[in-house]
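Chemist: Just to be clear, the model below is a prediction. Sequence and coordinates:
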Amino acid sequence: MRLIVASMKGGSGKSTVSFNLAVWLAYRVPVHLYDLDPQGTLRDVCQDRSEQEIFPALPVSTTLEGDAPNTAYTIMDTSYAALMTFRKALISADVILMPVGPSQADIWSAQRFIDVCVEWSTPPVWAFINRADTHHAVRESDDAEAALEQIPYIKPLGVRLGQRTAFRRSLSEARAVFELDAGSKASYELNEFAKSVYPTLGP
Ligand SMILES: Nc1ncnc2c1ncn2[C@@H]1O[C@H](COP(=O)(O)OP(=O)(O)OP(=O)(O)O)[C@@H](O)[C@H]1O
Ligand SMILES: [Mg+2]
């Protein structure tokens, strides 16, 4: 399955999610990554991981050109800023995974992104709330998820990733949240999330 992690909004968590999902996959099946963002976040994290000799290693390409990797699972991290590459990657994917923050601005941005997807006839968009508030009294994430459900073309995954230090640490330490602490809440959330994206590959 060719999965692309994309959104219009910067900082929505694309690289964090691409990396954690890729490590989760790499424990189960061969996976190949594409870092199509000129910022090169994923490339840097994977290089760091390789220098620290953390296994499984994650092979990364930085262009869609060249030989296709011999793996059934690929994950692409993207940037809306590199528009031509972005469009090509979106159209070539099987599934678009969109992280959305729990705010009205993120919902508006999600709607704009869907307009572009419809115009480009892309594959369907699976959306989820990233950086969800972790206090039960705060309802912003519920409201954002309800708003997502109203947007045509979106399939809401119904699982969330919380606003957690572990996700921030995962990029800086080049380890998935379950490699940092298998018993953490972030680790549990990532596992539930990954199983909803790849239901045949759990637990
Ligand atoms: N669930 C989360 N909990 C806490 N921090 C998070 C979470 N997801 C992402 N972050 C933090 O938010 C910031 C932006 O995340 P990330 O770089 O993954 O976003 P991005 O969409 O790839 O950004 P860009 O558009 O710049 O490529 C980072 O500091 C990251 O650690
Ligand atoms: Mg990024």
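Modeler: Perfect, thanks for sending it. Numbers count the residues shown, from 1 in each chain. Ligands and ions are numbered 1, 2, ... in the order given.

Chemist: List the contacts of the closest residue to ligand 2 within the chain.
Modeler: Closest contact between the chain and ligand 2, by Cβ to the ion, is at residue 15 (3.3 Å). (Each C-beta comes from the backbone N, C-alpha and C, glycine too.) Applying Cβ atoms under 8 Å, 6 or more residues apart in numbering, we find residue 15 in contact with 37, 41, 42, 45, 77, 171.

Chemist: Tell me how far the nearest residue to residue 157 once chain neighbours are set aside lies from ligand 1.
Modeler: Sequence neighbours aside, residue 128 is the residue nearest to residue 157 in space, at 4.3 Å (criterion: Cβ to Cβ, 6 or more residues apart in numbering). Residue 128 sits 11 Å away from ligand 1, taking Cβ to the nearest ligand atom, to the nearest Å as the criterion.

Chemist: Find the helix or strand that residue 128 is a member of.
Modeler: Residue 128 is located in strand 125-129, with elements delineated by DSSP states H and E.

Chemist: Tell me which other helices or strands that strand touches.
Modeler: Here strand 125-129 touches strand 95-100, helix 104-120, helix 140-149, strand 154-156, going by 3 or more Cβ pairs under 8 Å, 6 or more residues apart in numbering; DSSP states H and E.

Chemist: Farthest from the middle of the protein: give me that residue.
Modeler: Distance from the C-alpha centroid of the chain, by Cα atoms, centre = their mean, peaks at residue 137 (26.8 Å).

Chemist: quick one: pLDDT of it?
Modeler: Here the pLDDT value assigned to residue 137 is 74.

Chemist: now it, what's its secondary structure?
Modeler: Following DSSP: H, G, I helix; E, B strand; the rest coil, residue 137 is assigned to coil.

Chemist: Going along the chain, name the helices of this protein.
Modeler: Counting by DSSP state H, the segments of the chain that form helices are 14-26, 41-51, 83-92, 104-120, 140-149, 165-173, 177-180, 185-197.

Chemist: the inter-axis angle of the last one versus strand 95-100?
Modeler: Which is helix 185-197. Helix 185-197 and strand 95-100 are oriented at 150 degrees to each other (axes from the mean of the first three to the mean of the last three Cα atoms, to 10 degrees).

Chemist: Could you list the residues in contact with helix 185-197?
Modeler: By Cβ under 8 Å, 6+ apart, helix 185-197 touches 3, 20-21, 24-25, 95, 97, 126, 128, 134, 157-162, 164, 166-167, 170, 176-178, 180-181, 201-203.
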